[in-house]
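Student: next comes the sequence, and after it the predicted model I'd like to discuss.
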Amino acid sequence: MAILVLGGAGYIGSHTALALCEAGRDVVVADNLETGFKAAVPEKARFYQGDIRDREFLDKLFETEKIEGVIHFAANSQVGESMKDPLKYYDNNLCGTKVLLDSMVAHGVNKIVFSSTAATYGEPERVPILEDDKTDPTNCYGETKLAMEHMMKWVSNAHDLKFVALRYFNACGAHPNAKIGEAHNPETHLIPLILQVPMGKRPQISIFGDDYATPDGTCIRDYIHVCDLAQAHILALDYLVNGGDNNVFNLGNGVGFSVKEVIEEARSVTGHEIPAKVEARRAGDPAQLIASSEKAKTVLGWKPEYDDLHTIIDTAWKWHQSHPNGYEEA
Ligand code: UFG
(Lines give C-alpha, C1' and ligand atoms only; values in the text may rest on other atoms or scores of the structure.)
Protein backbone atom coordinates (compact mmCIF):
# COMPACT_ATOMS: atom_id res chain seq x y z
CA MET A 1 0.00 0.00 0.00
CA ALA A 2 1.24 3.48 -0.85
CA ILE A 3 1.16 6.81 0.96
CA LEU A 4 -0.30 9.68 -1.04
CA VAL A 5 1.42 13.03 -0.51
CA LEU A 6 -0.81 15.82 -1.80
CA GLY A 7 1.18 18.98 -2.43
CA GLY A 8 4.33 16.88 -2.46
CA ALA A 9 6.11 19.24 -4.87
CA GLY A 10 5.99 22.09 -2.35
CA TYR A 11 8.43 23.02 0.40
CA ILE A 12 7.32 20.86 3.34
CA GLY A 13 5.59 18.28 1.10
CA SER A 14 8.76 17.53 -0.89
CA HIS A 15 10.83 17.08 2.27
CA THR A 16 8.19 14.69 3.64
CA ALA A 17 7.97 12.75 0.36
CA LEU A 18 11.75 12.33 0.41
CA ALA A 19 11.77 11.27 4.09
CA LEU A 20 9.11 8.65 3.29
CA CYS A 21 11.18 7.36 0.33
CA GLU A 22 14.29 7.30 2.52
CA ALA A 23 12.31 5.23 5.06
CA GLY A 24 11.56 2.72 2.31
CA ARG A 25 7.85 3.59 1.97
CA ASP A 26 5.93 3.39 -1.30
CA VAL A 27 5.14 7.02 -2.18
CA VAL A 28 2.69 8.65 -4.59
CA VAL A 29 2.89 12.43 -5.02
CA ALA A 30 0.14 14.62 -6.48
CA ASP A 31 0.51 18.35 -7.03
CA ASN A 32 -1.05 20.94 -9.35
CA LEU A 33 2.40 22.60 -9.71
CA GLU A 34 0.89 26.05 -9.13
CA THR A 35 3.40 26.83 -6.40
CA GLY A 36 5.29 23.54 -6.28
CA PHE A 37 8.11 22.29 -8.51
CA LYS A 38 8.32 18.97 -10.34
CA ALA A 39 12.09 18.97 -9.67
CA ALA A 40 11.38 18.82 -5.93
CA VAL A 41 9.54 15.49 -6.19
CA PRO A 42 11.75 12.51 -5.24
CA GLU A 43 12.69 10.26 -8.17
CA LYS A 44 11.38 7.19 -6.36
CA ALA A 45 7.86 8.64 -5.97
CA ARG A 46 5.15 8.16 -8.63
CA PHE A 47 3.98 11.64 -9.68
CA TYR A 48 0.52 12.75 -10.83
CA GLN A 49 -0.18 16.34 -11.84
CA GLY A 50 -3.63 17.48 -10.78
CA ASP A 51 -5.71 19.58 -8.44
CA ILE A 52 -7.51 18.47 -5.26
CA ARG A 53 -10.58 20.46 -6.35
CA ASP A 54 -10.85 18.10 -9.35
CA ARG A 55 -13.00 15.20 -8.13
CA GLU A 56 -12.41 13.13 -11.29
CA PHE A 57 -8.65 13.47 -10.86
CA LEU A 58 -8.85 12.27 -7.25
CA ASP A 59 -11.26 9.42 -8.00
CA LYS A 60 -8.97 8.17 -10.75
CA LEU A 61 -5.95 8.42 -8.46
CA PHE A 62 -7.64 6.39 -5.70
CA GLU A 63 -8.75 3.83 -8.31
CA THR A 64 -5.26 3.53 -9.86
CA GLU A 65 -3.17 3.45 -6.67
CA LYS A 66 -3.77 1.45 -3.48
CA ILE A 67 -3.56 4.23 -0.88
CA GLU A 68 -3.15 3.43 2.80
CA GLY A 69 -3.17 7.02 4.03
CA VAL A 70 -3.00 10.61 2.80
CA ILE A 71 -0.62 13.37 3.89
CA HIS A 72 -2.24 16.59 2.77
CA PHE A 73 -0.12 19.71 2.12
CA ALA A 74 -2.02 20.99 -0.94
CA ALA A 75 -3.00 24.51 0.15
CA ASN A 76 -2.18 28.18 -0.22
CA SER A 77 -0.16 29.44 2.74
CA GLN A 78 0.64 33.15 2.44
CA VAL A 79 -0.88 35.15 5.28
CA GLY A 80 -0.73 38.49 3.42
CA GLU A 81 -2.27 37.08 0.24
CA SER A 82 -5.08 35.49 2.27
CA MET A 83 -6.09 38.93 3.55
CA LYS A 84 -6.19 40.39 0.02
CA ASP A 85 -7.85 37.40 -1.65
CA PRO A 86 -9.77 35.45 1.01
CA LEU A 87 -11.93 33.55 -1.48
CA LYS A 88 -8.82 32.02 -3.08
CA TYR A 89 -8.05 30.55 0.36
CA TYR A 90 -11.62 29.34 0.96
CA ASP A 91 -11.64 27.80 -2.52
CA ASN A 92 -8.32 25.94 -2.42
CA ASN A 93 -7.90 25.20 1.27
CA LEU A 94 -11.47 24.56 2.33
CA CYS A 95 -13.38 23.58 -0.83
CA GLY A 96 -10.36 21.55 -2.00
CA THR A 97 -10.31 19.64 1.29
CA LYS A 98 -14.07 19.07 1.00
CA VAL A 99 -13.63 17.45 -2.44
CA LEU A 100 -10.70 15.41 -1.11
CA LEU A 101 -12.62 14.08 1.90
CA ASP A 102 -15.60 13.23 -0.33
CA SER A 103 -13.37 11.19 -2.61
CA MET A 104 -11.51 9.54 0.31
CA VAL A 105 -14.78 8.48 1.97
CA ALA A 106 -16.10 7.13 -1.36
CA HIS A 107 -12.95 5.04 -1.82
CA GLY A 108 -12.59 3.85 1.77
CA VAL A 109 -9.29 5.69 2.33
CA ASN A 110 -9.64 6.47 6.02
CA LYS A 111 -6.46 8.09 7.33
CA ILE A 112 -5.29 11.66 6.79
CA VAL A 113 -2.50 13.76 8.28
CA PHE A 114 -2.59 17.41 7.27
CA SER A 115 -0.83 20.75 7.62
CA SER A 116 -2.40 23.10 10.08
CA THR A 117 -0.64 26.13 11.50
CA ALA A 118 0.23 28.22 14.54
CA ALA A 119 -1.90 30.88 12.81
CA THR A 120 -4.98 29.01 14.13
CA TYR A 121 -4.22 30.50 17.59
CA GLY A 122 -4.09 34.17 16.58
CA GLU A 123 -2.64 36.38 19.33
CA PRO A 124 -1.74 33.87 22.06
CA GLU A 125 -2.84 34.45 25.64
CA ARG A 126 0.34 32.75 26.91
CA VAL A 127 3.51 31.10 25.63
CA PRO A 128 4.44 28.32 25.19
CA ILE A 129 1.14 27.61 23.43
CA LEU A 130 -0.66 24.35 24.18
CA GLU A 131 -2.97 22.56 21.76
CA ASP A 132 -6.11 23.25 23.78
CA ASP A 133 -5.40 26.97 24.14
CA LYS A 134 -7.90 29.33 22.55
CA THR A 135 -7.99 29.41 18.74
CA ASP A 136 -8.92 32.80 17.32
CA PRO A 137 -7.14 33.39 14.00
CA THR A 138 -6.21 36.95 13.07
CA ASN A 139 -5.92 36.17 9.36
CA CYS A 140 -7.91 34.33 6.70
CA TYR A 141 -5.17 31.74 6.13
CA GLY A 142 -5.36 30.62 9.77
CA GLU A 143 -9.16 30.72 9.62
CA THR A 144 -9.28 28.31 6.65
CA LYS A 145 -6.85 25.93 8.38
CA LEU A 146 -8.96 25.95 11.55
CA ALA A 147 -12.07 25.34 9.43
CA MET A 148 -10.26 22.37 7.82
CA GLU A 149 -9.63 20.95 11.31
CA HIS A 150 -13.33 21.33 12.16
CA MET A 151 -14.41 19.78 8.84
CA MET A 152 -12.23 16.74 9.57
CA LYS A 153 -13.79 16.38 13.02
CA TRP A 154 -17.37 16.29 11.73
CA VAL A 155 -16.55 14.05 8.76
CA SER A 156 -14.77 11.68 11.16
CA ASN A 157 -17.86 11.74 13.36
CA ALA A 158 -20.07 10.64 10.48
CA HIS A 159 -17.74 8.36 8.52
CA ASP A 160 -14.91 5.88 8.93
CA LEU A 161 -12.09 8.46 8.81
CA LYS A 162 -9.35 9.43 11.27
CA PHE A 163 -7.19 12.54 11.10
CA VAL A 164 -4.17 14.22 12.65
CA ALA A 165 -3.75 18.00 12.31
CA LEU A 166 -0.16 19.23 12.67
CA ARG A 167 0.10 22.87 13.68
CA TYR A 168 3.50 24.04 12.44
CA PHE A 169 5.23 27.04 13.87
CA ASN A 170 7.91 28.65 11.62
CA ALA A 171 9.07 26.07 9.10
CA CYS A 172 12.62 26.74 7.88
CA GLY A 173 15.90 25.20 6.73
CA ALA A 174 16.53 22.73 3.92
CA HIS A 175 17.47 19.08 3.50
CA PRO A 176 21.18 18.70 4.44
CA ASN A 177 21.84 17.23 0.96
CA ALA A 178 21.01 20.77 -0.36
CA LYS A 179 19.09 19.25 -3.29
CA ILE A 180 15.70 20.46 -2.06
CA GLY A 181 14.81 23.56 -0.08
CA GLU A 182 12.56 26.57 0.23
CA ALA A 183 11.52 28.26 -3.03
CA HIS A 184 8.56 30.63 -2.82
CA ASN A 185 7.65 33.23 -5.37
CA PRO A 186 7.28 35.86 -4.04
CA GLU A 187 9.31 35.04 -0.92
CA THR A 188 7.88 36.47 2.30
CA HIS A 189 9.61 34.41 5.02
CA LEU A 190 12.31 35.86 7.21
CA ILE A 191 15.21 33.41 6.83
CA PRO A 192 15.21 33.13 3.00
CA LEU A 193 14.80 36.92 2.75
CA ILE A 194 17.78 37.50 5.08
CA LEU A 195 19.88 35.09 2.98
CA GLN A 196 19.05 37.05 -0.17
CA VAL A 197 21.35 39.79 1.20
CA PRO A 198 24.61 37.75 1.16
CA MET A 199 23.37 36.25 -2.14
CA GLY A 200 23.51 39.80 -3.57
CA LYS A 201 19.77 39.79 -4.33
CA ARG A 202 18.75 42.55 -1.91
CA PRO A 203 20.81 45.29 -0.29
CA GLN A 204 19.42 44.87 3.24
CA ILE A 205 16.82 43.11 5.34
CA SER A 206 13.84 44.99 6.76
CA ILE A 207 12.93 44.49 10.40
CA PHE A 208 9.16 44.84 10.66
CA GLY A 209 8.86 46.76 13.93
CA ASP A 210 11.15 47.07 16.97
CA ASP A 211 8.56 48.34 19.42
CA TYR A 212 6.98 45.02 20.43
CA ALA A 213 6.81 43.97 24.08
CA THR A 214 9.81 41.62 23.73
CA PRO A 215 13.35 41.97 25.18
CA ASP A 216 14.82 43.56 21.99
CA GLY A 217 11.51 44.91 20.66
CA THR A 218 11.35 42.58 17.63
CA CYS A 219 8.95 39.67 17.11
CA ILE A 220 9.81 36.27 18.55
CA ARG A 221 9.11 33.06 16.64
CA ASP A 222 9.71 29.33 17.10
CA TYR A 223 11.79 28.12 14.13
CA ILE A 224 11.43 24.44 13.30
CA HIS A 225 13.49 22.58 10.68
CA VAL A 226 11.60 21.22 7.69
CA CYS A 227 13.19 17.75 8.07
CA ASP A 228 11.91 17.57 11.65
CA LEU A 229 8.45 18.49 10.36
CA ALA A 230 8.77 15.73 7.74
CA GLN A 231 9.53 13.12 10.43
CA ALA A 232 6.50 14.24 12.44
CA HIS A 233 4.21 13.49 9.45
CA ILE A 234 5.54 9.95 9.19
CA LEU A 235 5.08 9.41 12.94
CA ALA A 236 1.55 10.84 12.77
CA LEU A 237 0.56 8.52 9.93
CA ASP A 238 2.03 5.52 11.78
CA TYR A 239 0.08 6.63 14.86
CA LEU A 240 -3.17 6.43 12.85
CA VAL A 241 -2.18 3.13 11.25
CA ASN A 242 -1.61 1.75 14.76
CA GLY A 243 -5.14 2.71 15.80
CA GLY A 244 -4.53 6.23 17.15
CA ASP A 245 -7.57 8.50 17.45
CA ASN A 246 -8.13 11.96 15.92
CA ASN A 247 -5.58 14.39 17.32
CA VAL A 248 -3.96 17.81 17.00
CA PHE A 249 -0.26 18.46 17.65
CA ASN A 250 1.91 21.57 17.80
CA LEU A 251 5.26 21.26 16.04
CA GLY A 252 7.97 23.65 17.16
CA ASN A 253 11.24 23.64 19.09
CA GLY A 254 9.79 25.35 22.15
CA VAL A 255 12.45 28.08 21.93
CA GLY A 256 11.84 31.56 20.59
CA PHE A 257 14.24 33.76 18.61
CA SER A 258 13.68 37.42 17.87
CA VAL A 259 14.03 38.85 14.35
CA LYS A 260 17.27 40.56 15.47
CA GLU A 261 18.65 37.28 16.85
CA VAL A 262 17.87 35.46 13.60
CA ILE A 263 19.68 38.17 11.60
CA GLU A 264 22.68 37.98 13.96
CA GLU A 265 22.84 34.18 13.57
CA ALA A 266 22.65 34.52 9.77
CA ARG A 267 25.61 36.95 9.94
CA SER A 268 27.57 34.31 11.83
CA VAL A 269 26.62 31.53 9.36
CA THR A 270 27.36 33.52 6.20
CA GLY A 271 30.20 35.78 7.38
CA HIS A 272 28.35 38.67 5.71
CA GLU A 273 27.50 41.89 7.57
CA ILE A 274 23.83 41.75 6.39
CA PRO A 275 22.68 45.36 6.85
CA ALA A 276 19.26 45.66 8.51
CA LYS A 277 16.79 48.53 8.62
CA VAL A 278 13.92 48.94 11.07
CA GLU A 279 10.62 49.61 9.32
CA ALA A 280 6.95 49.79 10.33
CA ARG A 281 5.23 46.77 11.85
CA ARG A 282 3.65 44.29 9.41
CA ALA A 283 -0.11 44.07 9.95
CA GLY A 284 -1.31 41.00 11.85
CA ASP A 285 2.04 39.91 13.37
CA PRO A 286 1.68 38.59 16.94
CA ALA A 287 4.60 39.62 19.20
CA GLN A 288 5.51 36.07 20.26
CA LEU A 289 4.67 32.57 19.01
CA ILE A 290 6.33 29.70 20.83
CA ALA A 291 5.06 26.14 20.80
CA SER A 292 4.79 23.58 23.49
CA SER A 293 5.42 20.37 21.52
CA GLU A 294 5.42 18.10 24.56
CA LYS A 295 2.32 16.34 23.29
CA ALA A 296 3.94 15.40 19.94
CA LYS A 297 7.00 14.19 21.82
CA THR A 298 5.01 12.10 24.30
CA VAL A 299 2.25 10.72 22.06
CA LEU A 300 4.10 10.43 18.72
CA GLY A 301 7.63 9.95 20.05
CA TRP A 302 8.78 12.95 17.97
CA LYS A 303 12.38 14.10 18.59
CA PRO A 304 13.41 17.18 16.61
CA GLU A 305 17.03 16.79 15.49
CA TYR A 306 17.69 20.40 14.50
CA ASP A 307 17.25 22.31 17.73
CA ASP A 308 19.99 24.82 17.10
CA LEU A 309 19.38 27.92 14.99
CA HIS A 310 22.93 28.06 13.60
CA THR A 311 22.60 24.59 12.03
CA ILE A 312 19.09 25.35 10.79
CA ILE A 313 20.23 28.51 8.98
CA ASP A 314 23.34 26.71 7.72
CA THR A 315 21.20 24.09 5.90
CA ALA A 316 19.14 26.90 4.30
CA TRP A 317 22.32 28.76 3.34
CA LYS A 318 23.79 25.66 1.60
CA TRP A 319 20.56 25.20 -0.37
CA HIS A 320 20.36 28.85 -1.49
CA GLN A 321 24.04 28.98 -2.40
CA SER A 322 23.78 25.87 -4.57
CA HIS A 323 20.40 26.93 -6.06
CA PRO A 324 20.52 30.73 -6.44
CA ASN A 325 17.35 30.62 -8.58
CA GLY A 326 15.59 27.92 -6.61
CA TYR A 327 14.38 25.16 -8.92
CA GLU A 328 14.42 27.41 -11.95
CA GLU A 329 17.30 27.26 -14.43
CA ALA A 330 19.71 30.19 -14.18
N1 UFG B 1 9.96 39.68 9.24
C2 UFG B 1 10.77 40.80 9.17
N3 UFG B 1 11.25 41.14 7.94
C4 UFG B 1 10.98 40.45 6.80
C5 UFG B 1 10.17 39.30 6.89
C6 UFG B 1 9.67 38.93 8.13
O7 UFG B 1 11.03 41.46 10.16
O8 UFG B 1 11.45 40.85 5.73
C9 UFG B 1 9.47 39.27 10.54
C10 UFG B 1 7.96 39.15 10.60
O11 UFG B 1 7.39 40.40 10.88
C12 UFG B 1 7.78 38.14 11.73
C13 UFG B 1 9.02 37.24 11.62
O14 UFG B 1 9.96 37.98 10.83
O15 UFG B 1 7.82 38.78 12.96
C16 UFG B 1 8.74 35.92 10.91
O17 UFG B 1 8.04 36.21 9.70
P18 UFG B 1 7.74 35.10 8.60
O19 UFG B 1 6.99 35.80 7.49
O20 UFG B 1 8.98 34.37 8.25
O21 UFG B 1 6.80 34.07 9.35
P22 UFG B 1 5.43 34.33 10.11
O23 UFG B 1 5.72 34.13 11.57
O24 UFG B 1 4.74 35.57 9.73
O25 UFG B 1 4.53 33.17 9.48
C26 UFG B 1 4.71 31.84 9.78
C27 UFG B 1 4.31 30.99 8.59
C28 UFG B 1 2.85 31.15 8.29
C29 UFG B 1 2.06 30.90 9.53
C30 UFG B 1 2.54 31.75 10.66
C31 UFG B 1 1.84 31.44 11.93
O32 UFG B 1 5.06 31.33 7.49
O33 UFG B 1 2.46 30.24 7.31
O34 UFG B 1 3.92 31.53 10.88
O35 UFG B 1 1.67 32.62 12.64
F36 UFG B 1 0.76 31.16 9.33
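Tutor: That came in fine, so what should we check first?
Student: residues contacting Pro42?
Tutor: Applying C-beta atoms under 8 Å, 6 or more residues apart in numbering to Pro42 gives the contacts 14, 17-18, 21, 27, 29. No exception for glycine: its C-beta is placed from N, CA and C like everyone else's.
Student: what's the answer for Ser322, then?
Tutor: With the criterion set at C-beta under 8 Å, 6+ apart, Ser322 makes contact with Ala178.
Student: how many neighbours does the residue nearest to Gln78 when sequence neighbours are not counted have?
Tutor: The spatial neighbour of Gln78 that comes closest, neighbours along the chain excluded (C-beta to C-beta, 6 or more residues apart in numbering), is Thr188 at 6.1 Å. Counted with other C-beta atoms under 10 Å, the neighbours of Thr188 add up to 13.
Student: and the strand or helix carrying Glu149, what's buried?
Tutor: Assigned by DSSP states H and E, Glu149 falls within helix 140-158. Of the residues in helix 140-158, 140-149, 152, 155-156 count as buried by neighbour count, 16 or more other C-beta atoms under 10 Å.
Student: and the furthest pair within the residues you listed?
Tutor: Cys140 and Ser156 (24.4 Å; C-beta to C-beta).
Student: that older thread, now the residue nearest to Gln78: how far from the ligand?
Tutor: Separation of Thr188 from the ligand (C-beta to the nearest ligand atom, to the nearest Å): 5 Å.
Student: wait, isn't that residue in contact with Gly80?
Tutor: Yes: using C-beta atoms under 8 Å, Thr188 is in contact with Gly80, at 6.4 Å.
Student: sorry, back to before: closest one to the ligand out of the contacts of Pro42, please.
Tutor: For these, the closest approach to the ligand (C-beta to the nearest ligand atom) belongs to Ser14, at 16.5 Å.
Student: residues in contact with the closest one?
Tutor: 8, 36-37, 40-42, 180.
Student: 10 Å - rerun?
Tutor: Residues near Ser14 by C-beta atoms under 10 Å, 6 or more residues apart in numbering: 5, 7-8, 29, 31, 36-37, 39-42, 45, 73, 175, 179-181, 183, 226, 230, 327.
Student: which among the residues you listed end up buried?
Tutor: Those of the contacts of Ser14 that meet the buried threshold are 5, 7-8, 29, 31, 36-37, 40-42, 45, 73, 175, 180-181, 183, 226, 230, by 16+ other C-beta under 10 Å.
Student: among those residues, which ones are in helices?
Tutor: 226, 230 (DSSP state H).
Student: distance of Phe57 relative to the ligand?
Tutor: Per C-beta to the nearest ligand atom, Phe57 is found 26 Å from the ligand.
Student: could you list the buried residues of the helix or strand hosting that residue?
Tutor: Per DSSP H and E, Phe57 falls inside helix 55-64. For helix 55-64, the neighbour count (16+ other C-beta under 10 Å) marks 57-58, 61-62 as buried.
Student: and which of those is nearest the ligand?
Tutor: Leu58 (24.9 Å).
Student: residues touching that closest one, list them.
Tutor: 4, 6, 30, 48, 50-52, 70, 96, 99-100, 102-104, 106-107, 109.
Student: list the contacts of the nearest residue to Lys111 once chain neighbours are set aside.
Tutor: Spatial nearest neighbour of Lys111, chain neighbours left out: Gly69 (3.7 Å); criterion: C-beta to C-beta, 6+ apart. By C-beta under 10 Å, 6+ apart, the contact list for Gly69 reads 1-4, 104, 109-113, 162, 164, 236-238, 240-241.
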